[in-house]
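Peer 1: sequence below, structure please.
(chains A, B, C and D)
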Protein chains: 4
Amino acid sequence: MKINRYEDISQIDREAKKDYIDRHSAFVYCDTNASKGEKFKVKVKVGDQYMHPDDPDHYIAWVQLWSGEKMLAQANFSEGTLGSSPGNVEVDFFVVPQKNLKLIAHAFCTKHGLWQSEEVVVKVSE
Amino acid sequence: MKINRYEDISQIDREAKKDYIDRHSAFVYCDTNASKGEKFKVKVKVGDQYMHPDDPDHYIAWVQLWSGEKMLAQANFSEGTLGSSPGNVEVDFFVVPQKNLKLIAHAFCTKHGLWQSEEVVVKVSE
Amino acid sequence: MKINRYEDISQIDREAKKDYIDRHSAFVYCDTNASKGEKFKVKVKVGDQYMHPDDPDHYIAWVQLWSGEKMLAQANFSEGTLGSSPGNVEVDFFVVPQKNLKLIAHAFCTKHGLWQSEEVVVKVSE
Amino acid sequence: MKINRYEDISQIDREAKKDYIDRHSAFVYCDTNASKGEKFKVKVKVGDQYMHPDDPDHYIAWVQLWSGEKMLAQANFSEGTLGSSPGNVEVDFFVVPQKNLKLIAHAFCTKHGLWQSEEVVVKVSE
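Peer 2: Numbering: from 1, shown residues only, chains lettered A, B, ... in the order given. As a prediction, the model looks like this:
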(Lines give C-alpha, C1' and ligand atoms only; values in the text may rest on other atoms or scores of the structure.)
Protein backbone atom coordinates (compact mmCIF):
# COMPACT_ATOMS: atom_id res chain seq x y z
CA MET A 1 0.00 0.00 0.00
CA LYS A 2 1.37 3.35 -0.96
CA ILE A 3 2.12 5.80 1.81
CA ASN A 4 2.61 9.29 0.44
CA ARG A 5 5.27 11.54 1.91
CA TYR A 6 5.78 15.24 2.20
CA GLU A 7 7.93 16.82 -0.49
CA ASP A 8 9.48 20.26 -0.32
CA ILE A 9 7.05 22.16 -2.52
CA SER A 10 9.48 24.99 -3.12
CA GLN A 11 11.29 22.47 -5.32
CA ILE A 12 8.17 21.68 -7.34
CA ASP A 13 7.41 23.76 -10.41
CA ARG A 14 3.91 22.84 -11.36
CA GLU A 15 1.30 24.74 -9.33
CA ALA A 16 -1.24 21.89 -9.36
CA LYS A 17 1.32 19.48 -7.99
CA LYS A 18 2.47 21.93 -5.28
CA ASP A 19 -1.16 22.26 -4.23
CA TYR A 20 -1.83 18.49 -4.31
CA ILE A 21 1.24 17.65 -2.23
CA ASP A 22 0.86 20.45 0.27
CA ARG A 23 -2.84 20.18 1.01
CA HIS A 24 -2.54 16.45 1.80
CA SER A 25 0.64 16.57 3.82
CA ALA A 26 0.44 16.03 7.55
CA PHE A 27 2.49 18.26 9.83
CA VAL A 28 3.42 17.84 13.48
CA TYR A 29 3.94 21.04 15.47
CA CYS A 30 5.31 20.98 18.99
CA ASP A 31 8.24 22.07 21.10
CA THR A 32 11.39 20.05 20.62
CA ASN A 33 11.89 19.75 24.35
CA ALA A 34 9.48 18.40 26.93
CA SER A 35 9.49 17.71 30.65
CA LYS A 36 9.11 14.13 31.72
CA GLY A 37 5.69 13.44 33.26
CA GLU A 38 4.22 16.78 32.27
CA LYS A 39 1.43 17.57 29.84
CA PHE A 40 2.81 18.30 26.39
CA LYS A 41 0.84 19.72 23.46
CA VAL A 42 1.23 18.29 19.97
CA LYS A 43 -0.64 19.87 17.09
CA VAL A 44 -1.36 17.83 13.97
CA LYS A 45 -2.41 19.80 10.92
CA VAL A 46 -3.05 18.75 7.33
CA GLY A 47 -1.91 21.18 4.67
CA ASP A 48 0.19 24.28 5.16
CA GLN A 49 -0.03 26.82 2.34
CA TYR A 50 -2.96 25.18 0.56
CA MET A 51 -6.37 24.09 1.74
CA HIS A 52 -8.08 20.74 1.31
CA PRO A 53 -11.74 20.32 0.32
CA ASP A 54 -14.29 19.35 2.95
CA ASP A 55 -16.72 17.73 0.53
CA PRO A 56 -18.86 14.72 1.46
CA ASP A 57 -16.93 12.47 -0.92
CA HIS A 58 -13.56 14.10 -0.39
CA TYR A 59 -12.25 15.07 2.98
CA ILE A 60 -9.64 14.19 5.58
CA ALA A 61 -11.34 11.43 7.56
CA TRP A 62 -8.73 10.84 10.23
CA VAL A 63 -5.28 11.59 11.55
CA GLN A 64 -3.10 9.45 13.78
CA LEU A 65 -0.23 10.50 16.01
CA TRP A 66 2.54 7.96 16.47
CA SER A 67 5.72 7.90 18.54
CA GLY A 68 7.93 5.25 17.01
CA GLU A 69 5.87 2.06 16.83
CA LYS A 70 3.28 3.25 19.37
CA MET A 71 0.08 4.99 18.26
CA LEU A 72 -0.68 7.69 20.82
CA ALA A 73 -4.02 8.90 19.47
CA GLN A 74 -6.33 8.90 16.46
CA ALA A 75 -8.88 11.60 15.66
CA ASN A 76 -11.72 10.84 13.25
CA PHE A 77 -13.63 13.64 11.59
CA SER A 78 -17.00 13.80 9.88
CA GLU A 79 -17.44 15.44 6.52
CA GLY A 80 -18.61 18.95 7.27
CA THR A 81 -16.49 19.41 10.40
CA LEU A 82 -14.62 22.14 8.47
CA GLY A 83 -17.89 23.78 7.43
CA SER A 84 -18.01 22.07 4.02
CA SER A 85 -15.49 24.58 2.71
CA PRO A 86 -11.81 24.13 1.92
CA GLY A 87 -9.69 24.30 5.04
CA ASN A 88 -7.05 22.58 7.11
CA VAL A 89 -7.83 19.78 9.50
CA GLU A 90 -6.26 20.55 12.85
CA VAL A 91 -6.26 18.88 16.23
CA ASP A 92 -4.24 19.36 19.40
CA PHE A 93 -3.38 16.26 21.35
CA PHE A 94 -2.01 16.42 24.88
CA VAL A 95 0.36 13.66 25.81
CA VAL A 96 2.52 13.05 28.89
CA PRO A 97 5.91 11.77 27.78
CA GLN A 98 8.13 9.51 29.90
CA LYS A 99 10.96 9.31 27.39
CA ASN A 100 12.06 10.89 24.11
CA LEU A 101 9.40 11.03 21.43
CA LYS A 102 9.78 10.37 17.73
CA LEU A 103 6.53 11.82 16.45
CA ILE A 104 4.96 11.05 13.10
CA ALA A 105 1.46 11.87 11.93
CA HIS A 106 -0.63 9.96 9.40
CA ALA A 107 -3.55 11.57 7.59
CA PHE A 108 -6.16 9.77 5.50
CA CYS A 109 -7.88 11.51 2.60
CA THR A 110 -10.99 9.66 1.43
CA LYS A 111 -9.90 10.11 -2.20
CA HIS A 112 -6.12 10.24 -2.11
CA GLY A 113 -5.09 7.77 0.54
CA LEU A 114 -2.59 7.82 3.34
CA TRP A 115 -0.04 10.57 3.96
CA GLN A 116 2.83 10.52 6.42
CA SER A 117 4.47 13.54 8.02
CA GLU A 118 8.14 14.01 8.57
CA GLU A 119 9.43 12.87 11.95
CA VAL A 120 9.74 15.32 14.84
CA VAL A 121 12.08 14.30 17.63
CA VAL A 122 11.29 15.60 21.11
CA LYS A 123 13.90 15.46 23.82
CA VAL A 124 12.31 14.64 27.17
CA SER A 125 14.20 15.51 30.31
CA GLU A 126 13.51 15.50 34.05
CA MET B 1 -27.38 1.28 28.29
CA LYS B 2 -26.59 3.66 31.06
CA ILE B 3 -25.17 7.04 30.14
CA ASN B 4 -23.70 8.75 33.17
CA ARG B 5 -24.12 12.49 33.62
CA TYR B 6 -22.22 15.19 35.38
CA GLU B 7 -23.42 16.08 38.83
CA ASP B 8 -22.51 19.20 40.76
CA ILE B 9 -19.91 17.75 43.09
CA SER B 10 -20.19 20.64 45.54
CA GLN B 11 -23.54 19.08 46.43
CA ILE B 12 -22.00 15.67 47.11
CA ASP B 13 -20.75 14.89 50.59
CA ARG B 14 -18.78 11.71 50.21
CA GLU B 15 -15.22 12.32 49.01
CA ALA B 16 -14.99 9.02 47.10
CA LYS B 17 -18.17 9.85 45.19
CA LYS B 18 -17.05 13.41 44.41
CA ASP B 19 -13.85 11.95 43.01
CA TYR B 20 -15.62 9.23 41.02
CA ILE B 21 -18.10 11.62 39.43
CA ASP B 22 -15.63 14.38 38.71
CA ARG B 23 -12.80 12.35 37.23
CA HIS B 24 -15.12 10.67 34.73
CA SER B 25 -17.11 13.72 33.71
CA ALA B 26 -16.56 15.18 30.28
CA PHE B 27 -16.35 18.95 29.92
CA VAL B 28 -16.63 21.13 26.83
CA TYR B 29 -14.68 24.40 26.91
CA CYS B 30 -15.10 27.02 24.21
CA ASP B 31 -16.30 30.53 23.57
CA THR B 32 -20.05 30.99 23.54
CA ASN B 33 -19.88 33.02 20.34
CA ALA B 34 -18.34 32.05 17.03
CA SER B 35 -18.04 33.55 13.57
CA LYS B 36 -19.72 31.69 10.76
CA GLY B 37 -17.21 29.98 8.48
CA GLU B 38 -14.23 30.61 10.73
CA LYS B 39 -12.08 28.15 12.62
CA PHE B 40 -13.34 27.65 16.16
CA LYS B 41 -11.54 25.82 18.96
CA VAL B 42 -13.39 23.40 21.21
CA LYS B 43 -11.56 21.74 24.08
CA VAL B 44 -12.83 18.48 25.49
CA LYS B 45 -11.43 17.47 28.85
CA VAL B 46 -12.25 14.61 31.17
CA GLY B 47 -12.20 15.41 34.87
CA ASP B 48 -11.85 18.82 36.45
CA GLN B 49 -10.69 18.78 40.08
CA TYR B 50 -9.76 15.10 40.17
CA MET B 51 -7.54 12.97 37.96
CA HIS B 52 -8.35 9.67 36.28
CA PRO B 53 -5.96 6.69 36.18
CA ASP B 54 -4.08 5.90 32.98
CA ASP B 55 -3.65 2.21 33.70
CA PRO B 56 -3.64 -0.45 30.99
CA ASP B 57 -6.95 -1.86 32.17
CA HIS B 58 -8.47 1.45 33.23
CA TYR B 59 -8.24 4.57 31.14
CA ILE B 60 -10.27 6.93 29.02
CA ALA B 61 -10.24 5.24 25.63
CA TRP B 62 -12.11 7.84 23.59
CA VAL B 63 -14.06 11.07 23.56
CA GLN B 64 -16.61 12.23 21.01
CA LEU B 65 -17.75 15.75 20.24
CA TRP B 66 -21.35 16.14 19.09
CA SER B 67 -23.43 19.10 17.95
CA GLY B 68 -27.03 18.04 18.28
CA GLU B 69 -27.42 14.76 16.39
CA LYS B 70 -24.20 15.19 14.39
CA MET B 71 -20.91 13.75 15.59
CA LEU B 72 -18.17 16.23 14.69
CA ALA B 73 -15.13 14.26 15.80
CA GLN B 74 -13.91 11.33 17.87
CA ALA B 75 -10.48 11.00 19.42
CA ASN B 76 -9.21 7.57 20.49
CA PHE B 77 -6.38 7.28 22.96
CA SER B 78 -4.01 4.45 23.83
CA GLU B 79 -3.31 3.45 27.38
CA GLY B 80 -0.15 5.26 28.33
CA THR B 81 -0.89 8.43 26.36
CA LEU B 82 -1.06 10.22 29.72
CA GLY B 83 2.24 8.72 30.82
CA SER B 84 0.64 5.85 32.76
CA SER B 85 -0.03 8.24 35.65
CA PRO B 86 -3.29 9.80 36.78
CA GLY B 87 -4.22 12.79 34.67
CA ASN B 88 -6.90 14.40 32.57
CA VAL B 89 -7.54 13.45 28.98
CA GLU B 90 -7.62 16.58 26.88
CA VAL B 91 -7.98 17.29 23.18
CA ASP B 92 -8.63 20.45 21.17
CA PHE B 93 -10.79 20.09 18.12
CA PHE B 94 -11.07 22.82 15.51
CA VAL B 95 -14.41 23.06 13.78
CA VAL B 96 -15.84 25.57 11.32
CA PRO B 97 -19.45 26.29 12.24
CA GLN B 98 -22.11 27.35 9.74
CA LYS B 99 -24.91 27.65 12.28
CA ASN B 100 -25.41 27.61 16.03
CA LEU B 101 -23.82 24.71 17.84
CA LYS B 102 -25.20 22.62 20.66
CA LEU B 103 -22.08 20.88 21.86
CA ILE B 104 -21.97 17.75 23.94
CA ALA B 105 -19.03 15.50 24.67
CA HIS B 106 -19.06 11.80 25.40
CA ALA B 107 -16.18 10.07 27.18
CA PHE B 108 -15.66 6.34 27.51
CA CYS B 109 -13.85 4.85 30.49
CA THR B 110 -12.78 1.24 29.92
CA LYS B 111 -14.05 0.32 33.39
CA HIS B 112 -16.87 2.73 34.11
CA GLY B 113 -18.64 3.20 30.83
CA LEU B 114 -20.02 6.19 28.99
CA TRP B 115 -20.19 9.72 30.37
CA GLN B 116 -21.98 12.70 28.84
CA SER B 117 -21.10 16.35 29.39
CA GLU B 118 -23.52 19.16 29.88
CA GLU B 119 -24.56 20.96 26.70
CA VAL B 120 -22.76 24.12 25.63
CA VAL B 121 -24.63 26.37 23.21
CA VAL B 122 -22.56 28.48 20.82
CA LYS B 123 -24.13 31.37 18.97
CA VAL B 124 -22.76 31.60 15.45
CA SER B 125 -23.07 34.88 13.63
CA GLU B 126 -21.80 36.39 10.36
CA MET C 1 -28.48 14.15 23.18
CA LYS C 2 -31.22 12.12 21.62
CA ILE C 3 -30.64 8.39 21.25
CA ASN C 4 -33.17 6.87 18.90
CA ARG C 5 -34.62 3.46 19.65
CA TYR C 6 -36.09 0.67 17.62
CA GLU C 7 -39.86 0.65 17.33
CA ASP C 8 -41.97 -2.27 16.19
CA ILE C 9 -42.69 -1.14 12.65
CA SER C 10 -45.66 -3.48 12.28
CA GLN C 11 -47.38 -1.04 14.65
CA ILE C 12 -46.58 1.97 12.46
CA ASP C 13 -49.00 2.95 9.73
CA ARG C 14 -47.16 5.47 7.65
CA GLU C 15 -44.85 3.83 5.12
CA ALA C 16 -42.27 6.65 5.22
CA LYS C 17 -42.00 6.34 8.98
CA LYS C 18 -41.71 2.54 8.88
CA ASP C 19 -38.87 2.96 6.40
CA TYR C 20 -37.14 5.71 8.42
CA ILE C 21 -37.25 3.74 11.67
CA ASP C 22 -36.31 0.40 10.19
CA ARG C 23 -33.41 1.44 8.01
CA HIS C 24 -31.69 3.22 10.90
CA SER C 25 -32.29 0.62 13.58
CA ALA C 26 -29.36 -1.44 14.78
CA PHE C 27 -29.86 -5.16 15.32
CA VAL C 28 -27.73 -7.65 17.22
CA TYR C 29 -27.83 -11.25 15.97
CA CYS C 30 -26.21 -14.07 17.90
CA ASP C 31 -26.96 -17.26 19.77
CA THR C 32 -28.48 -16.79 23.19
CA ASN C 33 -26.06 -19.28 24.72
CA ALA C 34 -22.30 -19.21 24.62
CA SER C 35 -19.46 -21.26 26.07
CA LYS C 36 -17.15 -19.51 28.47
CA GLY C 37 -13.73 -18.83 26.97
CA GLU C 38 -14.73 -19.80 23.44
CA LYS C 39 -15.00 -17.66 20.34
CA PHE C 40 -18.53 -16.34 19.88
CA LYS C 41 -19.87 -14.58 16.79
CA VAL C 42 -22.03 -11.46 17.10
CA LYS C 43 -23.46 -9.88 13.99
CA VAL C 44 -24.44 -6.22 14.02
CA LYS C 45 -26.65 -5.08 11.16
CA VAL C 46 -28.36 -1.78 10.47
CA GLY C 47 -31.81 -2.00 8.94
CA ASP C 48 -33.89 -5.11 8.48
CA GLN C 49 -36.66 -4.80 5.88
CA TYR C 50 -35.51 -1.47 4.46
CA MET C 51 -32.19 -0.29 3.11
CA HIS C 52 -30.20 2.81 4.05
CA PRO C 53 -28.49 5.08 1.50
CA ASP C 54 -24.73 4.90 1.09
CA ASP C 55 -24.33 8.45 -0.18
CA PRO C 56 -21.26 10.57 0.59
CA ASP C 57 -23.28 12.91 2.79
CA HIS C 58 -25.59 10.26 4.21
CA TYR C 59 -24.37 6.89 5.36
CA ILE C 60 -23.85 4.79 8.46
CA ALA C 61 -20.41 5.87 9.63
CA TRP C 62 -19.95 3.50 12.55
CA VAL C 63 -21.43 0.88 14.81
CA GLN C 64 -20.42 -0.02 18.34
CA LEU C 65 -21.03 -3.25 20.24
CA TRP C 66 -21.49 -2.94 23.98
CA SER C 67 -21.97 -5.44 26.77
CA GLY C 68 -23.44 -3.51 29.67
CA GLU C 69 -21.10 -0.58 30.32
CA LYS C 70 -18.17 -2.08 28.40
CA MET C 71 -17.62 -1.28 24.72
CA LEU C 72 -16.35 -4.46 23.07
CA ALA C 73 -15.69 -3.12 19.57
CA GLN C 74 -16.36 -0.27 17.16
CA ALA C 75 -16.34 -0.55 13.37
CA ASN C 76 -16.00 2.60 11.26
CA PHE C 77 -17.02 2.59 7.62
CA SER C 78 -16.18 4.87 4.74
CA GLU C 79 -18.85 6.22 2.42
CA GLY C 80 -18.92 3.87 -0.53
CA THR C 81 -18.20 0.70 1.46
CA LEU C 82 -21.69 -0.48 0.44
CA GLY C 83 -21.02 0.35 -3.20
CA SER C 84 -22.68 3.79 -3.03
CA SER C 85 -26.08 2.10 -3.30
CA PRO C 86 -28.72 1.56 -0.64
CA GLY C 87 -27.91 -1.42 1.54
CA ASN C 88 -27.47 -2.65 5.08
CA VAL C 89 -24.29 -2.13 7.04
CA GLU C 90 -23.21 -5.44 8.49
CA VAL C 91 -20.24 -6.60 10.51
CA ASP C 92 -19.45 -9.78 12.44
CA PHE C 93 -17.47 -9.38 15.61
CA PHE C 94 -15.91 -12.34 17.39
CA VAL C 95 -15.71 -12.03 21.14
CA VAL C 96 -14.68 -14.47 23.86
CA PRO C 97 -17.07 -14.16 26.78
CA GLN C 98 -16.12 -14.92 30.38
CA LYS C 99 -19.54 -14.15 31.84
CA ASN C 100 -23.07 -13.42 30.68
CA LEU C 101 -23.37 -10.75 28.02
CA LYS C 102 -25.93 -7.98 27.75
CA LEU C 103 -25.36 -6.88 24.18
CA ILE C 104 -26.44 -3.58 22.72
CA ALA C 105 -25.41 -2.02 19.43
CA HIS C 106 -25.18 1.66 18.57
CA ALA C 107 -25.26 2.89 14.98
CA PHE C 108 -24.44 6.41 13.81
CA CYS C 109 -26.05 7.86 10.69
CA THR C 110 -24.26 10.97 9.45
CA LYS C 111 -27.63 12.70 8.93
CA HIS C 112 -29.93 11.16 11.51
CA GLY C 113 -27.81 10.62 14.57
CA LEU C 114 -27.41 7.81 17.04
CA TRP C 115 -29.57 4.67 17.14
CA GLN C 116 -29.60 2.02 19.83
CA SER C 117 -30.61 -1.61 19.37
CA GLU C 118 -32.65 -3.65 21.76
CA GLU C 119 -30.66 -5.63 24.32
CA VAL C 120 -29.75 -9.26 23.67
CA VAL C 121 -28.87 -11.32 26.72
CA VAL C 122 -26.43 -14.20 26.20
CA LYS C 123 -26.10 -16.88 28.84
CA VAL C 124 -22.49 -17.96 29.16
CA SER C 125 -21.78 -21.34 30.73
CA GLU C 126 -18.74 -23.56 31.22
CA MET D 1 7.65 4.54 10.66
CA LYS D 2 8.21 0.85 10.36
CA ILE D 3 5.45 -1.26 8.88
CA ASN D 4 6.03 -4.93 9.56
CA ARG D 5 5.22 -7.49 6.90
CA TYR D 6 4.28 -11.12 6.89
CA GLU D 7 7.10 -13.57 6.38
CA ASP D 8 6.74 -17.20 5.45
CA ILE D 9 7.30 -18.77 8.85
CA SER D 10 8.12 -22.17 7.38
CA GLN D 11 11.37 -20.53 6.30
CA ILE D 12 12.15 -19.33 9.82
CA ASP D 13 14.08 -21.60 12.15
CA ARG D 14 13.80 -20.02 15.54
CA GLU D 15 10.52 -20.93 17.29
CA ALA D 16 10.26 -17.60 19.14
CA LYS D 17 10.60 -15.70 15.88
CA LYS D 18 8.05 -17.88 14.08
CA ASP D 19 5.63 -17.18 16.90
CA TYR D 20 6.35 -13.43 16.97
CA ILE D 21 5.89 -13.02 13.21
CA ASP D 22 2.85 -15.24 12.90
CA ARG D 23 0.82 -13.98 15.84
CA HIS D 24 1.12 -10.37 14.68
CA SER D 25 0.52 -10.93 10.99
CA ALA D 26 -2.76 -9.78 9.49
CA PHE D 27 -4.51 -12.08 7.04
CA VAL D 28 -7.30 -11.32 4.59
CA TYR D 29 -9.63 -14.21 3.76
CA CYS D 30 -12.23 -13.95 1.02
CA ASP D 31 -13.23 -15.38 -2.33
CA THR D 32 -11.09 -14.27 -5.23
CA ASN D 33 -14.17 -13.53 -7.34
CA ALA D 34 -17.08 -11.25 -6.49
CA SER D 35 -20.23 -10.03 -8.19
CA LYS D 36 -20.48 -6.34 -8.87
CA GLY D 37 -22.99 -4.62 -6.61
CA GLU D 38 -23.48 -7.62 -4.33
CA LYS D 39 -22.58 -8.09 -0.71
CA PHE D 40 -19.14 -9.66 -0.31
CA LYS D 41 -17.64 -10.98 2.90
CA VAL D 42 -14.04 -10.24 3.83
CA LYS D 43 -12.56 -11.74 6.97
CA VAL D 44 -9.60 -10.10 8.63
CA LYS D 45 -7.76 -12.21 11.17
CA VAL D 46 -4.57 -11.60 13.12
CA GLY D 47 -2.32 -14.60 13.59
CA ASP D 48 -2.68 -18.00 12.00
CA GLN D 49 -0.86 -20.82 13.79
CA TYR D 50 -0.01 -18.83 16.90
CA MET D 51 -2.12 -16.79 19.28
CA HIS D 52 -1.60 -13.23 20.48
CA PRO D 53 -2.04 -12.11 24.10
CA ASP D 54 -5.13 -10.15 25.09
CA ASP D 55 -3.54 -8.40 28.04
CA PRO D 56 -4.47 -4.87 29.09
CA ASP D 57 -1.08 -3.53 28.04
CA HIS D 58 -0.61 -5.81 25.06
CA TYR D 59 -3.37 -6.54 22.61
CA ILE D 60 -4.45 -5.92 19.04
CA ALA D 61 -6.22 -2.57 19.29
CA TRP D 62 -7.45 -2.21 15.73
CA VAL D 63 -7.46 -3.56 12.20
CA GLN D 64 -8.10 -1.67 8.99
CA LEU D 65 -9.22 -3.04 5.63
CA TRP D 66 -7.95 -1.19 2.56
CA SER D 67 -8.55 -1.59 -1.16
CA GLY D 68 -5.69 0.19 -2.88
CA GLU D 69 -5.59 3.73 -1.46
CA LYS D 70 -9.13 3.60 -0.04
CA MET D 71 -9.79 2.53 3.54
CA LEU D 72 -13.01 0.52 3.56
CA ALA D 73 -13.38 -0.06 7.28
CA GLN D 74 -11.61 0.03 10.64
CA ALA D 75 -12.51 -2.07 13.67
CA ASN D 76 -11.29 -1.04 17.11
CA PHE D 77 -11.22 -3.53 19.94
CA SER D 78 -11.03 -3.13 23.69
CA GLU D 79 -8.61 -5.11 25.78
CA GLY D 80 -10.56 -8.09 27.05
CA THR D 81 -12.65 -8.56 23.89
CA LEU D 82 -10.86 -11.91 23.46
CA GLY D 83 -11.57 -12.86 27.06
CA SER D 84 -8.19 -11.71 28.36
CA SER D 85 -6.63 -14.92 27.06
CA PRO D 86 -4.41 -15.51 24.05
CA GLY D 87 -6.40 -15.71 20.85
CA ASN D 88 -6.81 -14.35 17.35
CA VAL D 89 -8.58 -11.12 16.60
CA GLU D 90 -11.13 -11.72 13.90
CA VAL D 91 -13.75 -9.58 12.20
CA ASP D 92 -15.92 -10.05 9.12
CA PHE D 93 -16.58 -6.98 7.03
CA PHE D 94 -19.23 -6.93 4.33
CA VAL D 95 -18.47 -4.68 1.39
CA VAL D 96 -20.23 -4.16 -1.93
CA PRO D 97 -17.62 -3.91 -4.69
CA GLN D 98 -18.11 -1.96 -7.91
CA LYS D 99 -14.73 -2.81 -9.39
CA ASN D 100 -11.78 -5.11 -8.72
CA LEU D 101 -10.45 -5.01 -5.19
CA LYS D 102 -6.85 -5.02 -4.04
CA LEU D 103 -7.31 -5.83 -0.37
CA ILE D 104 -4.76 -5.23 2.34
CA ALA D 105 -5.25 -5.35 6.09
CA HIS D 106 -3.36 -3.42 8.72
CA ALA D 107 -3.26 -4.55 12.34
CA PHE D 108 -1.99 -2.52 15.28
CA CYS D 109 -0.47 -4.21 18.32
CA THR D 110 -0.20 -1.90 21.32
CA LYS D 111 3.35 -3.16 21.97
CA HIS D 112 4.71 -4.16 18.57
CA GLY D 113 3.31 -1.62 16.17
CA LEU D 114 1.77 -1.83 12.73
CA TRP D 115 1.56 -4.98 10.62
CA GLN D 116 0.49 -5.22 7.00
CA SER D 117 -1.01 -8.29 5.33
CA GLU D 118 -0.19 -9.54 1.89
CA GLU D 119 -2.44 -8.21 -0.87
CA VAL D 120 -5.46 -10.22 -2.01
CA VAL D 121 -6.81 -9.37 -5.46
CA VAL D 122 -10.52 -9.90 -6.04
CA LYS D 123 -11.91 -9.97 -9.55
CA VAL D 124 -15.29 -8.29 -9.68
CA SER D 125 -17.57 -9.11 -12.59
CA GLU D 126 -21.16 -8.35 -13.56
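Peer 1: list the contacts for A:Val89?
Peer 2: Residues in contact with A:Val89 (Cβ atoms under 8 Å, 6 or more residues apart in numbering or on different chains) are A:Lys45, A:Val46, A:Gly47, A:His52, A:Ile60, A:Val63, A:Phe77, A:Thr81, A:Leu82, A:Ala107, B:Phe94. Every C-beta, even on glycine, is put in place using the N, C-alpha and C of the backbone.
Peer 1: please disregard the earlier target; I meant A:Lys41.
Peer 2: A:Lys41 sits in contact with A:Cys30, A:Asp92, A:Phe93, A:Phe94, where contact means Cβ under 8 Å, 6+ apart.
Peer 1: neighbours of the last one, how many?
Peer 2: Going back to what we said before, that points to A:Phe94. 20 (other Cβ atoms under 10 Å in any protein chain shown).
Peer 1: equivalent analysis for the third one, please.
Peer 2: Applying the criterion other Cβ under 10 Å, we find 26 residues in the vicinity of A:Phe93.
Peer 1: any idea which element it lies in?
Peer 2: strand A:90-95 (DSSP states H and E).
Peer 1: touching chain B at all, that strand?
Peer 2: Yes: using Cβ under 8 Å from any Cβ of the partner chain, we find that strand A:90-95 touches chain B at A:Glu90, A:Val91, A:Asp92, A:Phe93, A:Phe94, A:Val95.
Peer 1: average pLDDT for that strand?
Peer 2: Strand A:90-95 shows a mean pLDDT of 98.
Peer 1: residues in contact with the helix or strand following it?
Peer 2: Scanning forward in sequence from strand A:90-95 by DSSP H and E, the next helix or strand is strand A:101-109. Taking contacts as Cβ under 8 Å, 6+ apart, the residues outside strand A:101-109 that touch it are A:3, A:24-28, A:30, A:34, A:42, A:44, A:46, A:52, A:58-68, A:89, A:95, A:114-122, A:124, D:1, D:71.
Peer 1: so A:Phe108 bridges to which residues?
Peer 2: A:Trp62, A:Leu114 (DSSP bridges).
Peer 1: and for it, the neighbour number?
Peer 2: Here the number of neighbours of A:Phe108 (other Cβ under 10 Å) works out to 27.
Peer 1: and if you look at A:Val46?
Peer 2: Around A:Val46 there are 26 residues (other Cβ under 10 Å).
Peer 1: what of the one 5 residues further on?
Peer 2: Other residues near A:Met51 come to 17 when the count uses other Cβ under 10 Å.
Peer 1: one more: the one 10 residues further on?
Peer 2: For A:Ala61, the neighbour count with other Cβ under 10 Å is 22.
Peer 1: what's the separation between it and C:Glu79?
Peer 2: Taking Cβ to Cβ, to the nearest Å as the measure, A:Ala61 falls 9 Å from C:Glu79.
Peer 1: just to revisit the earlier point, and chain D, which of the contacts of A:Lys41 reach it?
Peer 2: Near chain D, judged by Cβ under 8 Å from any Cβ, there are no entries from these.
Peer 1: residue contacts, the residue nearest the centre of chain A?
Peer 2: For chain A, A:Ala26 is the residue whose C-alpha lies nearest the centre (Cα atoms, centre = their mean; 3.1 Å). Contact partners of A:Ala26, counting by Cβ under 8 Å, 6+ apart, are A:Tyr6, A:Val44, A:Lys45, A:Val46, A:Val63, A:Ala105, A:His106, A:Ala107, A:Trp115, A:Gln116, A:Ser117.
Peer 1: at 10 Å what do you get?
Peer 2: A:4-6, A:44-47, A:60, A:63-65, A:89, A:104-108, A:114-118 (Cβ atoms under 10 Å, 6 or more residues apart in numbering or on different chains).
Peer 1: buried residues in the least confident helix or strand in chain A by mean pLDDT, which are they?
Peer 2: Every helix and strand in chain A was compared by mean pLDDT, DSSP states H and E; the lowest is strand A:3-5, with a mean of 93. Judged by neighbour count (16 or more other Cβ atoms under 10 Å in any protein chain shown), strand A:3-5 contains these buried residues: A:Asn4.
Peer 1: next one: stretch A:89-107
Peer 2: A:89-97, A:101, A:103-107.
Peer 1: make sure A:Val28 is actually in contact with A:Asp92.
Peer 2: No: using Cβ atoms under 10 Å, A:Val28 is not in contact with A:Asp92, being 11.2 Å away.
Peer 1: find the residues that touch each one of those two.
Peer 2: In contact with both A:Val28 and A:Asp92: A:Val42, A:Lys43, A:Val44, A:Lys45, using Cβ under 10 Å, 6+ apart.
Peer 1: paired strands for the host helix or strand of the last one, with orientation please.
Peer 2: Think A:Lys45. Here A:Lys45 sits within strand A:40-46, counting by DSSP H and E. Partners of strand A:40-46 in the sheet, by DSSP bridges, are strand A:26-29 (antiparallel), strand A:90-95 (antiparallel).
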